[in-house]
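# Starting from these lines, generate the structure:
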Amino acid sequence: MAYNPRIHHRCSIRLKGYDYTQPGKYFVTICVAKREHLLGYIQNGEMHLNLYGEAVKTNWHNLAKIYSHVELDAFVIMPNHIHAIIVLKQLTTEFLDTPKTTRQGLPEIVRGLKTFSATKINQLRNVKGIAVWQRGYYEHIIRNEISLTKIRQYIVNNPVMWHTNDLHKSVNLKLPKQFNTCIDSENNISMNLHS
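Residues are numbered from 1 along each chain as shown. You can find the predicted model right below:
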């Protein structure tokens, strides 16, 4: 089907005019393509990673090695999605003195995580060009310590709460196409699916 801007449009979740290369803390959710339970399973409230989940974990930890201005915070791999807090640090004199160094923003860092992990997963599956991740991702700018604490707790508790999470549904069911993670004025987190 040819591209039609009236049908094939995507709304940006990014805050208009916000510079996503600036220092800050960002809550990110990335879903597996078709919400397939690809990365492992949960038993008794504990996530058990398979080889694909381990590949994602390795690539998560490599982000701080690849991007010198990235600090890793809370992170959880679920069967069909991941939640993470990515911290972009202040520029240092060491960074500024390095020739041809570009400060990558959040979109490039997330793209890197998705690309590196998808490449490894497809190598393990012995396939090429198969989508591992859904297009896009959810992000939220963390603006204060209260929000940071609640989001960290949400991430840590995610495996325990799996049975109540709408994303746990089997891939054999007809699933909604998108989800919204909302953080209200009291910094409560909720996730809602919609078609």
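
# How many residues are close by the nearest residue to residue 37 once chain neighbours are set aside?
Leaving out its chain neighbours, the residue that sits closest to residue 37 by Cβ to Cβ, 6 or more residues apart in numbering is residue 79, at 4.0 Å. Every C-beta, even on glycine, is put in place using the N, C-alpha and C of the backbone. Residue 79 is surrounded by 23 other residues when neighbours are defined as other Cβ atoms under 10 Å.

# Go ahead and confirm residue 79 touches residue 31.
No - under the criterion of Cβ atoms under 8 Å, residue 79 lies out of contact with residue 31, with a separation of 10.8 Å.

# circling back: would it be right to say that the residue nearest to residue 37 lies in a strand?
No - remark: residue 79 does not belong to a strand; assigned using DSSP: H, G, I helix; E, B strand; the rest coil, it is coil.

# What residues does it make contact with?
Contact partners of residue 79, counting by Cβ atoms under 8 Å, 6 or more residues apart in numbering, are 37, 38, 39, 40, 41, 42, 47, 162, 168.

# Drop the exposed ones from the residues you listed and show what's left.
With neighbours counted using 16 or more other Cβ atoms under 10 Å, the contacts of residue 79 contain these buried positions: 37, 38, 39, 40, 42, 47, 162, 168.

# Kindly provide the distance from the first one to residue 18.
If you measure residue 37 against residue 18 using Cβ to Cβ, to the nearest Å, the figure is 33 Å.

# go on, the fifth one?
Counting by Cβ to Cβ, the separation of residue 42 from residue 18 is 34 Å.

# just the third one next, same as before
Look at residue 39 and residue 18: by Cβ to Cβ, they are 30 Å apart.

# Who are the contact partners of residue 142?
24, 25, 26, 27, 85, 148, 151.

# which ones among those are found in helices?
The members of the contacts of residue 142 that map onto helices under DSSP state H are 148, 151.

# Relative to residue 51, which of the contacts of residue 142 is nearest.
Relative to residue 51, the closest of the contacts of residue 142 is residue 85; by Cβ to Cβ it sits at 25.0 Å.

# Could you list which residues are in contact with the nearest residue to the closest one once chain neighbours are set aside?
Beyond its immediate neighbours in the sequence, the residue positioned closest to residue 85 (Cβ to Cβ, 6+ apart) is residue 73, lying 3.6 Å away. For residue 73, the contacting residues are 25, 84, 85, 86, 87, 152, taking Cβ under 8 Å, 6+ apart as the criterion.
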